[in-house]
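**Student:** the following comprises the amino acid sequence and a computationally predicted model.
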Amino acid sequence: MKSDASQFEKFKELLDQEHTWPSEYQFKFIVKHSELENVQSLFREETIAIRESESGKYASLTFSKVMRSSDEVISIYKKASIIPGLMAL
């Protein structure tokens, strides 16, 4: 997800339309295997399901968390956006 402010504002509107807060929200990221530890270190408190690609180059990370607001969801995406090559799904 791009860190562009207008993108986050649109995303916030969509989140607020689709969810009643607090709500459980599922996060899914894809990263190069070399960045796997960096993502895990950002979300130490979460139980993360990890699935590696067949080639072993990439890993998919999924976790769910009860979020209090769309702003809280966006803060997680912003936190994750510092990891090089991270794709948020």
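**Tutor:** Structure received.
**Student:** quick one: Arg51 and Leu36 touch, right?
**Tutor:** No. If you go by CB atoms under 8 Å, Arg51 and Leu36 don't touch, sitting 11.2 Å apart. Yep, even glycine has a C-beta here, placed from its N, CA and C like the rest.
**Student:** which of those two has more neighbours?
**Tutor:** When Arg51 and Leu36 are compared on other CB atoms under 10 Å, the one with more neighbours turns out to be Leu36, at 18 against 10.
**Student:** which stretches of this protein form helices?
**Tutor:** In the chain, the segments counted as helices under DSSP state H are 5-18, 36-42, 70-80.
**Student:** show the average pLDDT along the last one.
**Tutor:** Think helix 70-80. Here helix 70-80 scores 92 as its mean pLDDT.
**Student:** hmm, back to that, just name the most buried of the helices of the chain.
**Tutor:** Among the helices of the chain, helix 70-80 has the highest mean neighbour count (mean count of other CB atoms under 10 Å), at a mean of 16.
**Student:** residues making contact with that helix?
**Tutor:** Under the criterion CB atoms under 8 Å, 6 or more residues apart in numbering, residues 1, 3, 8, 11-12, 15-16, 19, 21, 25, 27, 29, 39, 42-43, 65, 67, 86, 88 lie in contact with helix 70-80.
**Student:** identify the contacts common to Arg51 and Leu36.
**Tutor:** Taking CB under 8 Å, 6+ apart as the contact rule, the neighbours common to Arg51 and Leu36 are Ala59.
**Student:** who does the helix or strand of the chain with the lowest mean pLDDT touch, helix- and strand-wise?
**Tutor:** Using mean pLDDT, DSSP states H and E, helix 36-42 stands out as the lowest-scoring helix or strand of the chain, at a mean of 85. Secondary-structure packing of helix 36-42 (3 or more CB pairs under 8 Å, 6 or more residues apart in numbering; DSSP states H and E): strand 23-32, strand 58-67, helix 70-80.
**Student:** switch to 7 Å and redo it
**Tutor:** Applying 3 or more CB pairs under 7 Å, 6 or more residues apart in numbering; DSSP states H and E, one finds that helix 36-42 contacts helix 70-80.
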